[in-house]
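S.K.: Need coordinates for the following:
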Amino acid sequence: MINSSHSKTRSSHPHVPVSVKRVVVLLALCAGVLLMPATLSALDASRVFLADASASSAIDAAAARLNSTNAGDRDKAIEQLGQAAHSGSMVAVNDLTAFFQRDQMLAEHGLATARALAGSGSRRAYQVLIQGLGSDQSATRQYVAMAALEQDAQANVTPLLIAALGSPDVGIRTHSAQLLGYRHETTASDALLKATYDDEVAVREAAVWTLGTDLSFWQSLPRMHLLSFADPDARVRDAALRGIDHIQSDIAHVIGVAPSEILAITTASSNGTVYAATAKQLYTLHPDTTWQVVSTLPDAPMALTASGTEGQQVYLGTVSQGLYRSLDGGATWGRVQDGLPDSPGLSVTALAVDPTNQAQSSGVYMALGVTVGTTSLQTTPLGIFRSTDQGTTWARIDDGKAPLNGLTTQLTIDPATPNVLVGQTDSGAWRANIQ
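M.R.: Next up, the predicted model:
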């Protein structure tokens with residue numbers, strides 16, 4: 001018999017009566033959980049709306065202060081609008097643009113406004129500033145636009161400046177060429193080379209200066225040499241000479257010699273290989289490599305040019321031993337004599353390769369002379385010669401005509417006029433049709 005006082009009994013859960021009020025509370029809680037994300041999203045949207053409204057109100061207030069009679073208030077407004085424009089507000093860009101167009105505010109606030117526009121990184125702002133470079137704009141607006149585009153504009157301004165080289169306004173073309181140099185935009189080199197053909201002297205001068213001095217673009221040397229003696233304007237010729245000197249000094253510094261030791265420089269347009277010659281050695285720079293000594297030269301150089309698909313065909317005009325040719329980038333040399341005068345003291349005073357057919361070197365030209373003397377050398381011209389078989393054989397092409405009126409010291413063919421050979425003598429430039 002089991003003692004009931006020690007037995008364990010299992011009891012059921014206490015009965016909880018269900019009321020309508022409890023059901024309503026539970027349903028409300030469930031609904032609250034389900035609706036919470038939407039409620040939070042609505043709150044976030046409300047906050048964004050309020051923030052946007054607040055920002056818009058602040059921009060409107062800053063724009064209104066641009067009309068303040070207090071210069072300090074206007075300065076603060078420009079700063080606030082600049083910050084908003086940098087954050088992407090086109091309203092602020094438009095407000096700054098309108099203020100930038102007010103001539104009476106340029107002297108006091110032009111630079112600050114231009115810098116605020118440039119700092120926005122906005123295409124619209126850049127276009128406004130580039131228009132400010134126009135020849136019909138005041139000198140003050142041009143100055144502040146130049147300063148802001150040079151110092152404050154981001155990299156995305158470069159395509160716009162390159163495109164501006166084709167503007168119908170000469171002021172915009174000129175200042176854009178200058179700005180591409182000030183900003184050291186090396187990607188603009190091809191566009192700047194094209195600008196050296198501009199009809200306006202100011203544009204050509206700016207493009208040449210930028211290529212030769214600000215960018216020190218070595219591949220522009222053939223064009224520089226042509227402009228240095230053949231451009232009709234003295235300012236462009238002077239800019240080209242300065243550019244050549246600057247590039248020569250730059251190359252000499254990299255090689256480790258004095259600028260005066262560089263006697264000849266050329267670039268193979270087919271692949272951009274650059275060659276530089278001192279009195280005794282040939283140096284080369286292949287794209288994406290460093291300068292290196294290639295060989296010892298057979299005689300002191302007077303002229304140098306290169307061609308071929310890989311820029312490996314190098315022609316060396318010497319002081320007293322005529323013409324040498326290398327087919328391996330200057331590593332080895334062979335003297336060329338077929339079709340040339342058999343004269344002691346034969347000097348090659350200038351060389352040129354047809355730039356439209358560099359790969360085959362089907363057109364190579366040189367000016368020849370005979371140099372005599374000991375302490376005082378004198379060179380007598382012998383004529384202009386051409387080779388159509390990569391420099392193997394040569395034939396005289398001038399027939400004693402105009403080129404022989406003086407010693408030709410420069411010789412080139414412009415890609416823009418490939419059928420015209422251009423030379424320089426003491427009496428000036430000459431041109432000859434070579435079709």
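
S.K.: Please determine how far the nearest residue to G82 once chain neighbours are set aside is located from V93.
M.R.: Sequence neighbours aside, A116 is the residue nearest to G82 in space, at 3.1 Å (criterion: C-beta to C-beta, 6 or more residues apart in numbering). The C-beta positions use only the backbone N, C-alpha and C, and glycine is treated the same way. Separation of A116 from V93 (C-beta to C-beta, to the nearest Å): 9 Å.

S.K.: now L407
M.R.: For L407 relative to V93 (C-beta to C-beta), the value is 61 Å.

S.K.: same question, T393
M.R.: On the measure of C-beta to C-beta, T393 and V93 end up 66 Å apart.

S.K.: ok, the residue nearest to G82 - contacts?
M.R.: When contacts are counted by C-beta atoms under 8 Å, 6 or more residues apart in numbering, A116 is found next to I78, E79, L81, G82, A85, L96.

S.K.: cool, G317 as well?
M.R.: Contacts of G317 by C-beta under 8 Å, 6+ apart are P301, M302, A303, L304, L323, S347, V348, T349, A350, L351, M366.

S.K.: Tell me the strands beside the strand or helix carrying it, with direction?
M.R.: Using DSSP states H and E, G317 sits in strand 313-318. Sheet neighbours of strand 313-318, with direction, are listed as strand 301-307 (antiparallel), strand 323-326 (antiparallel) (DSSP bridges).

S.K.: which residues are in contact with the longest one?
M.R.: For strand 301-307, contacts defined as C-beta under 8 Å, 6+ apart pick out 263-268, 270, 273, 275, 277, 279, 312-319, 347-353, 358-359, 361, 364, 366, 411.

S.K.: so of those, which ones are in helices?
M.R.: Per DSSP state H, helices hold no members of these.

S.K.: which among those end up buried?
M.R.: Neighbour counting by 16 or more other C-beta atoms under 10 Å classes 263-268, 270, 273, 275, 277, 312-319, 347-353, 358, 361, 364, 366, 411 among the contacts of strand 301-307 as buried.

S.K.: quick one: average pLDDT of the helix or strand hosting D250?
M.R.: Counting by DSSP H and E, the element that carries D250 is helix 234-255. Mean per-residue pLDDT for helix 234-255: 94.

S.K.: With stretch 80-97 instead?
M.R.: 94.

S.K.: Can you point out the buried residues in it?
M.R.: Residues of stretch 80-97 classed as buried: 80-85, 89, 92-97 (neighbour count, 16+ other C-beta under 10 Å).

S.K.: now stretch 379-397: how far from the chain's centre is it?
M.R.: 37 Å (C-alpha atoms, centre = their mean, to the nearest Å).

S.K.: what's the answer for stretch 161-173, then?
M.R.: Relative to its chain's centre, stretch 161-173 lies at 15 Å (C-alpha atoms, centre = their mean).

S.K.: In CSV, please show the C-alpha coordinates belonging to it.
M.R.: Provided in CSV are the C-alpha atoms of stretch 161-173 (Å, rounded to 0.1, in the frame of the first residue of the first chain):
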residue,chain,number,x,y,z
LEU,A,161,40.9,70.9,-73.0
ILE,A,162,42.0,68.6,-75.8
ALA,A,163,38.6,69.1,-77.5
ALA,A,164,39.0,72.9,-77.0
LEU,A,165,42.0,72.8,-79.3
GLY,A,166,39.4,72.6,-82.1
SER,A,167,37.4,75.5,-80.9
PRO,A,168,36.6,78.2,-83.4
ASP,A,169,37.8,80.8,-80.9
VAL,A,170,41.5,81.5,-81.1
GLY,A,171,41.7,82.5,-77.5
ILE,A,172,40.3,79.2,-76.3
ARG,A,173,42.6,77.2,-78.6
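
S.K.: which parts of that stretch are buried?
M.R.: L161, I162, A164, L165, S167, D169, V170, G171, I172, R173.

S.K.: can I see the domain layout of this structure?
M.R.: As assigned by automatic domain parsing, the chain contains the domains 49-219, 263-433.

S.K.: Nearest to H225, out of those?
M.R.: Taking C-beta to C-beta, domain 263-433 is the member of the domains of the chain nearest to H225, at 5.8 Å.

S.K.: What's the mean pLDDT across the closest one?
M.R.: In the prediction, domain 263-433 has an average pLDDT of 85.
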